[in-house]
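Peer 1: only geometry, no sequence info:
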């Protein structure tokens with residue numbers, strides 16, 4: 001199977017046991033980079049058309065159970081490099097960042113570790129049933145949505161909480177982790193993954209309940225308040241849970257690195 005995707009601002013070729021990821025020949029990155037601002041963001045051409053496309057400058061070729069299996073690998077590649085990738089001519093909403101390793105609080109240090117991780121993802125797809133694989137893609141998609149600079153704080157918060165709920169559903173189904181009430185889901189996830197939960201997470205369940213059930217966010221109408229805790233740290237927490245779900249077992253990142261950091265943590269699997 002051969003599947004085109006993009007936009008991937010790289011010239012790396014990845015060779016995994018069952019597939020290869022490589023750039024298309026002769027592509028000129030400058031034509032896309034010229035569209036980005038100084039922080040690497042590209043925006044929709046106009047507010048009348050919020051959905052836009054970027055070149056499909058890479059291809060995935062190999063052995064897959066289905067097209068959905070191949071798309072799952074591209075989704076996981078998005079997560080690994082922290083850049084949204086698409087197999088469709090038009091799939092980006094409002095804005096997207098094309099710079100690698102800018103969206104999440106980690107960075108793979110070696111190409112061989114990325115190849116190993118993608119092989120694990122290939123195996124994970126075959127081991128899980130369809131709904132579980134969709135949940136993994138949903139978590140990744142929500143992580144990217146929560147980083148979109150066009151959205152308001154309550155929208156970013158709701159996207160992150162949906163990702164937390166999706167993580168809980170995956171872990172509940174596969175590993176039998178149970179929370180007796182909704183407010184305990186974050187705690188149970190942290191215990192399952194071996195993550196030290198920061199004190200700042202304590203207000204998240206109440207903020208979620210007021211937002212989802214009453215349309216009130218941090219005691220104000222929607223759009224008039226910011227959650228009094230950095231949502232980047234919530235993003236970091238979800239990334240750690242996703243590492244555990246995908247069985248990317250870098251315990252220094254999952255268990256030892258703090259959620260409350262603005263620095264990218266280097267992933268080095270070979271030293272484990």
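Peer 2: Nice, thanks for sending it over. In this text the structure is predicted, and so the values were computed from the model without any measurement.

Peer 1: and residue 141, that one's in a helix?
Peer 2: Yes. Counting by DSSP: H, G, I helix; E, B strand; the rest coil, residue 141 falls inside a helix.

Peer 1: residue boundaries of the helices in the stretch 51-200 of the chain?
Peer 2: 67-81, 111-127, 130-146, 153-175, 185-193 (DSSP state H, counting those that start in this stretch).

Peer 1: So which of these is nearest residue 257?
Peer 2: In terms of C-beta to C-beta, the element of the helices of the stretch 51-200 of the chain nearest to residue 257 is helix 185-193, at 12.2 Å. From N, CA and C alone the C-beta is placed, and that goes for glycine too.

Peer 1: Okay, angle between that closest one and helix 153-175 too, please.
Peer 2: 50 degrees (axes from the mean of the first three to the mean of the last three C-alpha atoms, to 10 degrees).

Peer 1: Would you mind listing the buried residues in helix 185-193?
Peer 2: 185, 186, 188, 189, 190, 192, 193 (16 or more other C-beta atoms under 10 Å).

Peer 1: Check which helices and strands that helix sits against.
Peer 2: helix 153-175, helix 204-214, helix 231-245 (3 or more C-beta pairs under 8 Å, 6 or more residues apart in numbering; DSSP states H and E).

Peer 1: Most tightly packed of those?
Peer 2: helix 231-245 (a mean of 22; mean count of other C-beta atoms under 10 Å).

Peer 1: avg pLDDT for whichever helix or strand comes after that one?
Peer 2: Heading C-terminal from helix 231-245, the first helix or strand you meet, by DSSP states H and E, is helix 251. Mean per-residue pLDDT for helix 251: 90.

Peer 1: Quick check: neighbours of the helix or strand following helix 251 in the sheet, parallel or antiparallel?
Peer 2: Using DSSP H and E, the next helix or strand after helix 251 towards the C-terminus is strand 265-267. Strand pairing for strand 265-267, determined by DSSP bridges: strand 106-108 (parallel).

Peer 1: what distance separates the start and the end of stretch 84-101?
Peer 2: One end of stretch 84-101 to the other measures 11 Å (C-alpha to C-alpha, to the nearest Å).

Peer 1: Mind listing what's buried along it?
Peer 2: Neighbour-count burial for stretch 84-101, with 16+ other C-beta under 10 Å as criterion, is recorded at 84, 85, 86, 87, 92, 93, 94, 95, 96, 97, 98, 100.

Peer 1: Of these, which is the nearest to residue 222?
Peer 2: Comparing the buried residues of stretch 84-101 against residue 222 with C-beta to C-beta places residue 94 closest, at 18.2 Å.

Peer 1: Please look at that closest one and residue 50 and confirm they touch.
Peer 2: Yes. Using C-beta atoms under 8 Å, residue 94 is in contact with residue 50, at 5.3 Å.

Peer 1: got any residues that touch both of those two?
Peer 2: Counting by C-beta atoms under 8 Å, 6 or more residues apart in numbering, the shared contacts of residue 94 and residue 50 are residue 44.

Peer 1: count of neighbours near residue 142?
Peer 2: Neighbours of residue 142 under the rule other C-beta atoms under 10 Å: 22.

Peer 1: just for the chain, where's the confidence low?
Peer 2: 270-272 (pLDDT under 70).

Peer 1: Now do the contacts for residue 189.
Peer 2: 164, 167, 168, 171, 177, 195, 241.
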